[in-house]
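**Student:** Sequence and predicted structure below; questions after.
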Amino acid sequence: MSGAPSDAVIVTGVCGRLGRSVARALHRKMQVIGIDRRDFVGRPRDIEHHVLDLRSKRVRDVFRRPGLRALVHLGVMHDPRSSPEEHHAYNLLAVQHLFECVEQFQLPKVVVLSSGNVYGPRPENPQFLKEDAALLAAGRFSDIRDLVELDMAAQSFFWRNPKTETVILRPSHILGTVRNAPSNYLRLKRVPTLLGFDPMMQVVHQSDVVTAIRLAVEPSVRGIFNLAGPPPVALSQALELLGRTPVPVPHAAARFAVERMFRWRVTSFPAPELDFIRYVCMVDDSRARQELGYEPRYSLDQTLSAVDD
């Protein structure tokens, strides 16, 4: 590790499973400064960590040190049980505060992890969506509204601050040890599916996403990049490869059941998530491969089986 103050990167959300992987990958070449509301249990001694709310004024002190290389923003609240007001207050106010710090202290690079889900699963979607496609997820899925607004805020920052190299990454469904909706869904032994629907889906190994973030931190990289993993697979085939038992349910019945199960805290899946196993939402990542030098290393079998690691 270089550990030099002139080659340091701030990573928000560093205590999550993806954040830990990103910190470990980056700290081999530069000093990593983590910011998270949680304690970094098992933190390597050469990774600096600040237990802070991203909206706190004390965050500005972390940005004061000279020679910071980049901000990598992973600290997005995804808890579906948090109130819409809490989601909005944390996610949008936090990113606005971070962008203000970047502007004030003139950081040369910002990397924001968004999601391919911002395009939205829709029956009229083309097979693959490019980076200039409209972000329509909030129209059908209000719980993802904050992620769409965060993505748009990052785009606005991109155009408003041409001297800062801004990178927005939109990965397809991330699978691995992460506790997100796609990984949790595929961990079920008996997996509910929607009767009459078998959409093609894209998945990407969390380690491939870490690689993309590491590439995005490099100088002279800017722009919006979709990220995909191995070739797409039908949902039924993915379940077969994992050895899961599909349980087909009519959509109306599934929505009725999930709404009540979510309300009774039997499941962590909000009902709008059902659209992701109903309609196609796949991305074209050719730009990332050509301009970012991104190339997924994990096969379909490896990516799917990562949910059981």
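**Tutor:** Received, thanks. Residues are numbered from 1 along each chain as shown.
**Student:** okay, CA-based contacts and neighbour counts for the rest of this
**Tutor:** OK.
**Student:** Helices along the stretch 151-300 of the chain, start to end?
**Tutor:** All helices of the stretch 151-300 of the chain, identified by DSSP state H, counting those that start in this stretch, fall at 181-186, 206-216, 235-242, 251-263, 286-287, 300-305.
**Student:** how many neighbours does V167 have?
**Tutor:** Around V167 there are 23 other residues, counting by other Cα atoms under 10 Å.
**Student:** For it, give me its contacts.
**Tutor:** K109, V110, V111, V112, A216, V221, R222, G223, I224, F225 (Cα atoms under 8 Å, 6 or more residues apart in numbering).
**Student:** Output the helices of the stretch 151-300 of the chain in CSV; the columns should cover distance to A137.
**Tutor:** Formatted as CSV, the helices of the stretch 151-300 of the chain follow (distance: least, Cα to Cα, whole Å):
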stretch, distance to A137
helix 181-186, 16
helix 206-216, 21
helix 235-242, 20
helix 251-263, 18
helix 286-287, 22
helix 300-305, 24
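**Student:** Dump those into CSV; add mean pLDDT and distance to D7 as well.
**Tutor:** What follows is these, written out as CSV (pLDDT from 0 to 100; distance: least, Cα to Cα, whole Å):
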stretch, mean pLDDT, distance to D7
helix 181-186, 92, 34
helix 206-216, 98, 14
helix 235-242, 98, 42
helix 251-263, 87, 45
helix 286-287, 98, 27
helix 300-305, 98, 32
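**Student:** Would you reformat the ones you listed as JSON lines and include distance to F197 and mean neighbour count?
**Tutor:** Below are the helices of the stretch 151-300 of the chain laid out as JSON lines (distance: least, Cα to Cα, whole Å; neighbours: other Cα atoms under 10 Å):
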{"stretch": "helix 181-186", "distance to F197": "16", "mean neighbour count": "18"}
{"stretch": "helix 206-216", "distance to F197": "27", "mean neighbour count": "22"}
{"stretch": "helix 235-242", "distance to F197": "9", "mean neighbour count": "16"}
{"stretch": "helix 251-263", "distance to F197": "9", "mean neighbour count": "15"}
{"stretch": "helix 286-287", "distance to F197": "28", "mean neighbour count": "17"}
{"stretch": "helix 300-305", "distance to F197": "20", "mean neighbour count": "18"}
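**Student:** mind checking which of the ones you listed is nearest G67?
**Tutor:** helix 206-216 (18.2 Å; Cα to Cα).
**Student:** by contact count, what packs against that closest one?
**Tutor:** Contacts defined by 3 or more Cα pairs under 8 Å, 6 or more residues apart in numbering; DSSP states H and E place helix 206-216 against helix 17-26, strand 165-171, strand 173-175.
**Student:** Parallel or antiparallel, which strands does the helix or strand just after the first one pair with?
**Tutor:** What that stands for is helix 17-26. Reading on from helix 17-26 to the C-terminus, the next helix or strand found by DSSP states H and E is strand 31-36. Sheet pairing for strand 31-36, assigned by DSSP bridges, gives strand 8-12 (parallel), strand 47-51 (parallel).
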